[in-house]
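**Q** My questions concern the predicted model and sequence given below.
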Amino acid sequence: MYTLTLHARVDHGTLRIDTPIHVPAEVPDGDHEIVIAIASATLPPQLMAWPERFFEDTYGSLASDPIERADQGTFEVREPLG
(Lines give C-alpha, C1' and ligand atoms only; values in the text may rest on other atoms or scores of the structure.)
Protein backbone atom coordinates (compact mmCIF):
# COMPACT_ATOMS: atom_id res chain seq x y z
CA MET A 1 0.00 0.00 0.00
CA TYR A 2 1.22 3.49 -0.80
CA THR A 3 0.24 6.63 1.04
CA LEU A 4 -0.17 9.89 -0.81
CA THR A 5 -0.66 13.22 0.90
CA LEU A 6 -2.73 15.72 -1.05
CA HIS A 7 -3.69 19.23 -0.16
CA ALA A 8 -7.13 20.17 -1.34
CA ARG A 9 -9.78 22.76 -0.64
CA VAL A 10 -13.39 22.13 0.30
CA ASP A 11 -15.83 24.83 -0.82
CA HIS A 12 -19.51 24.55 0.03
CA GLY A 13 -19.25 20.80 0.71
CA THR A 14 -17.41 19.99 -2.51
CA LEU A 15 -13.94 18.46 -2.46
CA ARG A 16 -12.02 19.11 -5.63
CA ILE A 17 -8.90 17.09 -6.33
CA ASP A 18 -6.98 18.25 -9.39
CA THR A 19 -5.57 15.54 -11.60
CA PRO A 20 -3.20 14.08 -12.65
CA ILE A 21 -1.84 12.75 -9.40
CA HIS A 22 1.51 11.08 -9.86
CA VAL A 23 1.86 7.78 -8.05
CA PRO A 24 4.99 5.66 -7.66
CA ALA A 25 5.95 3.63 -10.74
CA GLU A 26 5.47 0.41 -8.75
CA VAL A 27 1.68 0.93 -8.72
CA PRO A 28 0.37 -0.97 -11.74
CA ASP A 29 -2.19 0.43 -14.17
CA GLY A 30 -5.73 -0.69 -13.43
CA ASP A 31 -8.50 -0.24 -10.91
CA HIS A 32 -7.52 0.53 -7.34
CA GLU A 33 -9.37 1.28 -4.13
CA ILE A 34 -8.70 4.86 -3.05
CA VAL A 35 -9.28 5.91 0.57
CA ILE A 36 -9.58 9.56 1.49
CA ALA A 37 -9.26 10.57 5.14
CA ILE A 38 -9.95 14.14 6.16
CA ALA A 39 -7.59 15.18 8.94
CA SER A 40 -8.08 18.63 10.30
CA ALA A 41 -7.93 20.36 13.65
CA THR A 42 -10.65 22.70 12.46
CA LEU A 43 -13.45 20.17 12.02
CA PRO A 44 -16.72 21.22 13.62
CA PRO A 45 -17.30 19.83 17.14
CA GLN A 46 -20.18 17.59 16.01
CA LEU A 47 -17.74 15.67 13.76
CA MET A 48 -15.23 15.23 16.59
CA ALA A 49 -17.70 13.84 19.14
CA TRP A 50 -19.50 10.55 19.63
CA PRO A 51 -22.83 10.37 17.79
CA GLU A 52 -25.86 11.24 19.89
CA ARG A 53 -27.02 8.30 22.07
CA PHE A 54 -24.01 6.20 20.95
CA PHE A 55 -23.33 4.75 24.39
CA GLU A 56 -26.99 4.21 25.27
CA ASP A 57 -27.58 2.38 21.98
CA THR A 58 -24.44 0.21 22.10
CA TYR A 59 -24.07 -0.54 25.83
CA GLY A 60 -24.44 -4.29 26.43
CA SER A 61 -24.33 -5.19 22.74
CA LEU A 62 -21.79 -7.96 23.46
CA ALA A 63 -23.62 -9.38 26.47
CA SER A 64 -24.47 -12.58 24.59
CA ASP A 65 -20.85 -13.01 23.39
CA PRO A 66 -18.60 -11.41 26.00
CA ILE A 67 -14.95 -10.71 25.32
CA GLU A 68 -12.75 -12.89 27.50
CA ARG A 69 -9.29 -11.80 28.49
CA ALA A 70 -6.80 -14.65 28.41
CA ASP A 71 -4.29 -15.23 31.20
CA GLN A 72 -1.62 -12.53 30.97
CA GLY A 73 1.18 -14.68 32.38
CA THR A 74 3.71 -13.46 34.90
CA PHE A 75 5.20 -10.00 34.86
CA GLU A 76 8.94 -9.84 34.28
CA VAL A 77 10.66 -8.23 37.27
CA ARG A 78 13.58 -6.03 36.23
CA GLU A 79 16.30 -4.31 38.16
CA PRO A 80 15.43 -0.68 38.97
CA LEU A 81 17.09 2.06 36.92
CA GLY A 82 19.44 4.43 38.61
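**A** Now that the structure is in, tell me what you want to look at. What you see is a predicted model; the values in this text were computed from it and never measured. Numbers count the residues shown, from 1 in each chain.
**Q** where along the protein do the strands fall?
**A** For the chain, the strands defined by DSSP state E occupy 9-11, 14-16.
**Q** Let's have those strands in TSV, adding mean neighbour count.
**A** Where you see a C-beta, it was placed from the backbone N, CA and C, and this is true even at glycine. Output for these, formatted as TSV (neighbours: other CB atoms under 10 Å):
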stretch	mean neighbour count
strand 9-11	8
strand 14-16	9
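**Q** So for the residue nearest to the spatial centre of the chain, what's the pLDDT?
**A** Centroid-nearest residue in the chain: A37, 7.7 Å away (criterion: CA atoms, centre = their mean). Listed pLDDT for A37 reads 72.
**Q** With L15 as the reference, measure out to it.
**A** Here the criterion is CB to CB, to the nearest Å. By it, A37 lies 12 Å from L15.
**Q** And for D29?
**A** 25 Å.
**Q** P28 - how many residues pack around it?
**A** Per other CB atoms under 10 Å, the neighbour tally for P28 reads 6.
**Q** Just want the phi and psi numbers for it.
**A** phi -70, psi 160 (degrees, to the nearest 10).
**Q** Look up how far R53 lies from it.
**A** To R53, P28 is 45 Å away according to CB to CB.
**Q** do D29 as well
**A** 46 Å.
**Q** Between these two, tell me which one has more neighbours.
**A** The neighbour count for D29 versus R53, taken as other CB under 10 Å, is higher for R53 (8 against 5).
**Q** Please tell me how far the more buried one sits from Y59.
**A** For R53 relative to Y59 (CB to CB), the value is 10 Å.
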